[in-house]
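# Predicted structure and sequence below. I'll ask about it afterward.
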Protein chains: 2
Amino acid sequence: MQYETKKRSILKAISWRTWATLTTAVIIFIFTGEFALAVTIGLLEVFAKMGLYFIHERLWQKIRFGKKEIPSFVLWFTGLPASGKKALAEVVFQQLQNERLKVERLDSHDVRPLFPETGFSPKEVERHVKRSGHLCAMLEKNGVIVVASFVSPYRAGREFVRECASNFVEIYMKSTVAACEKRDVKGHYQKAKSGEYRYFPGVDVDYEEPLAAEIVIDVDNITQDQAAGQIIQYLKKNIIKQR
Amino acid sequence: MQYETKKRSILKAISWRTWATLTTAVIIFIFTGEFALAVTIGLLEVFAKMGLYFIHERLWQKIRFGKKEIPSFVLWFTGLPASGKKALAEVVFQQLQNERLKVERLDSHDVRPLFPETGFSPKEVERHVKRSGHLCAMLEKNGVIVVASFVSPYRAGREFVRECASNFVEIYMKSTVAACEKRDVKGHYQKAKSGEYRYFPGVDVDYEEPLAAEIVIDVDNITQDQAAGQIIQYLKKNIIKQR
């Protein structure tokens, strides 16, 4: 929870007083034409009102009215392996952090040590996605924005996470298996095709395309910066709106 | 992240103006003895300064100086089964929530579904404690206070969690095996003694007492309210101090 220090209130009192006393003095001078009177009253005001302003600030510090939290949400990047989820998620994560928002970054592979002994069979992947969804929801509930990147190839798992979260934003990294394979510098597709990997989405198991993702990134036709811009714009319009 | 609405700034402008304009009018009246002048300048000021005050508030809304977060921390309740960890943790959790702090409650048994297939052997218990510690630290890092209750019978596991967290407060529920067995309405000690349970701290495995817990609760000699008071007092003195 945030609070404001006494120092902040003192500084505000001084900054307001400078501004406000000048106004008073000018008004008095215009009305009376007496420069000395304007200055004297101005000076008296300075001391009386700085104290009062400080007290006024401390009272308002106790009043909750009009203090709002920016709602938290779960940004869930889904897509084929090597569709660029992780890289784009990092960019968006950085941009949200630069806005001084409270953001946590969860990548499928970084989370695995937290829930060990999870394999890659469809059943195990679904379990992994669901556990991670619980974790995202727990963070979100506590005011943390979560930027999550998971292949999460199955619709059921993603819908489960959607139900856990309050504000779920599904980002579908739309690309083709051929384009992803071309981008795949680590050679995962090769290994899957040669049979070294099993259950590889796009090769020997299906990747189930989202039917109603909040955001669809046309990976093969826009730059990373454009994609990040598209996401931030969506968030500013739909979630992070300050009044 | 918190922000302040325009409505709040408008209300503050009005409340400040009422207070401040009265001061100006009184000062002018004392100096000039002219009631009409005091009222006219007062009225002019009302309009000029309410607008200025509003602008002043909106500018300060952009300034971070003097806006502080109350530091988050991990309250870790450890102790023999039936030493009263869960009940006391609930009370403290409620009191922190009543202060409008952001608090998450983690009980060993509620967290198990998140990390399934965890048994009760010393090795598995340590793994469970460590995973939970990671989770606590992730929440704490994001500004969430965590109230955790885990038997966590082994020193090594608890020290691991201490290292993960930034502000770790270990609360040792100090009691004797005999007293805990007497309190144990669910009959867990009986089951452990009859051999139905294995690895039961206090019966067939040791509970390793904390050597330097931040807070020691003398469970058998104080009431729950006194214990909660002891913890809240520690927190107000050492962590939740507003300046």
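Received the coordinates, thanks. Residues are numbered from 1 along each chain as shown, chains lettered A, B, ... in the order given.

# For stretch A:190-210, buried residues please.
A:192, A:197, A:199-203, A:205, A:207, A:210 (16 or more other CB atoms under 10 Å in any protein chain shown). All C-beta spots, glycine's among them, are computed from the backbone N, C-alpha and C.

# partners of the longest strand along chain A in the sheet?
Counting by DSSP state E, the longest strand found in chain A is strand A:168-174. Strand pairing for strand A:168-174, using DSSP bridges, gives strand A:74-78 (parallel), strand A:215-218 (parallel).

# May I see those arranged in TSV, with mean neighbour count as well?
Shown next, in TSV, are the strands paired with strand A:168-174 (neighbours: other CB atoms under 10 Å in any protein chain shown):
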stretch	mean neighbour count
strand A:74-78	28
strand A:215-218	18
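
# Give me the domain ranges for chain A.
A:6-61, A:74-238 (automatic domain parsing).

# just flag whichever of those domains has the lowest average confidence.
The minimum mean pLDDT among those belongs to domain A:6-61 (a mean of 85).

# Now the terminal residues of that domain, how far apart.
The first and final residues of domain A:6-61 sit 10 Å from each other (CA to CA, to the nearest Å).

# Next: stretch A:206-214.
Per CA to CA, stretch A:206-214 runs 21 Å from first to last residue.

# Spell out, range by range, the strands that occur in chain A.
Using DSSP E, strands in chain A cover A:2-4, A:67-69, A:74-78, A:103-107, A:145-149, A:168-174, A:215-218.

# The second one - what's its average pLDDT?
If I follow you right, that is strand A:67-69. 81.

# if I pick A:I232, what's in contact with it?
When contacts are counted by CB atoms under 8 Å, 6 or more residues apart in numbering or on different chains, A:I232 touches A:92, A:95.

# Ok, A:S15 next?
B:56, B:60.

# Include distance to B:K186 when you put the buried residues of stretch A:190-210 into a markdown table, please.
Formatted as a markdown table, those follow (distance: CB to CB, whole Å):
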| residue | distance to B:K186 |
| --- | --- |
| A:A192 | 50 |
| A:Y197 | 47 |
| A:Y199 | 42 |
| A:F200 | 47 |
| A:P201 | 46 |
| A:G202 | 51 |
| A:V203 | 51 |
| A:V205 | 45 |
| A:Y207 | 47 |
| A:P210 | 46 |
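
# Stretch A:145-163: which residues count as buried?
Buried residues in stretch A:145-163 (16+ other CB under 10 Å): A:145-154, A:157-158, A:160-162.

# if we can go back for a sec, now tabulate the strands paired with strand A:168-174 in JSON lines and tack on distance to B:H109.
Below are these laid out as JSON lines (distance: least, CB to CB, whole Å):
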{"stretch": "strand A:74-78", "distance to B:H109": "26"}
{"stretch": "strand A:215-218", "distance to B:H109": "38"}
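
# chain center to stretch A:32-50: distance?
48 Å (CA atoms, centre = their mean, to the nearest Å).

# can I get the CA coordinates of it in PDB?
Extracted C-alpha coordinates of stretch A:32-50, given in PDB (Å, rounded to 0.1, in the frame of the first residue of the first chain):
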ATOM      1  CA  THR A  32      -6.300  49.000  -3.500                       C
ATOM      2  CA  GLY A  33      -3.300  50.200  -5.500                       C
ATOM      3  CA  GLU A  34      -1.400  49.900  -2.300                       C
ATOM      4  CA  PHE A  35       1.800  48.000  -2.900                       C
ATOM      5  CA  ALA A  36       2.800  47.800   0.800                       C
ATOM      6  CA  LEU A  37      -0.500  46.500   1.900                       C
ATOM      7  CA  ALA A  38      -0.400  43.800  -0.800                       C
ATOM      8  CA  VAL A  39       3.100  42.700   0.300                       C
ATOM      9  CA  THR A  40       2.300  42.700   4.100                       C
ATOM     10  CA  ILE A  41      -0.900  40.700   3.700                       C
ATOM     11  CA  GLY A  42       0.900  38.400   1.400                       C
ATOM     12  CA  LEU A  43       3.700  37.800   3.900                       C
ATOM     13  CA  LEU A  44       1.300  37.100   6.800                       C
ATOM     14  CA  GLU A  45      -0.600  34.700   4.600                       C
ATOM     15  CA  VAL A  46       2.600  32.800   3.800                       C
ATOM     16  CA  PHE A  47       3.100  31.700   7.400                       C
ATOM     17  CA  ALA A  48      -0.600  31.200   8.400                       C
ATOM     18  CA  LYS A  49      -1.400  29.200   5.300                       C
ATOM     19  CA  MET A  50       1.600  27.000   4.900                       C
END
